[in-house]
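Q: Generate coordinates for the sequence data below:
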Amino acid sequence: MNSSNNSNWTFAVVGETNTWDGDTSQLWTDGNNWSLTRAPETFDARVVIPSGCPNYPFLTGPVTINEFDLQAGSLR
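A: Sure, this is the predicted structure:
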């Protein structure tokens, strides 16, 4: 039942590509650094780290992803 209190709900779509933009920080878990405004989940089809970002991700632990696209020039 919709009681009009669901304005902050977020629904993820299985099989999407989540691209790093690094606008906020180096934190992998910060959704503001990602095109889908959330860190990658196991149901995402692909994670892309492009070149030319202001910050690049720093992982503090293991993550599980399906496909990882580390594009040329994105390693420092």
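Q: Model confidence for residue 21, exactly?
A: For residue 21, the pLDDT comes out at 97.
Q: Is it in contact with residue 37, as I believe?
A: No. Applying CB atoms under 8 Å as the test, residue 21 and residue 37 come out as separate, 10.2 Å apart. In short, each C-beta sits where N, CA and C put it, glycine included.
Q: of the two, who's got more company?
A: Taking neighbours as other CB atoms under 10 Å, residue 21 and residue 37 compare with residue 21 leading, 16 against 11.
Q: Tell me who's in contact with that one.
A: For residue 21, the contacting residues are 33-35, 53, by CB atoms under 8 Å, 6 or more residues apart in numbering.
Q: hmm, back to that, find residues that contact each of residue 21 and residue 37.
A: Joint contacts of residue 21 and residue 37 (CB under 8 Å, 6+ apart) do not exist.
Q: on that earlier part again, buried ones among the contacts of residue 21?
A: Neighbour-count burial (16 or more other CB atoms under 10 Å) is assigned, among these, to 33-34, 53.
Q: List just the nearest of these to residue 44.
A: Ranked by distance to residue 44 (CB to CB), the buried ones among the contacts of residue 21 are led by residue 34 at 9.8 Å.
Q: So what sits opposite the closest one in the bridge?
A: On the basis of DSSP bridges, residue 34 is bridged to residue 20.
Q: just checking, it touches residue 19?
A: Yes. Contact criterion CB under 8 Å: residue 34 and residue 19 qualify, at 7.1 Å.
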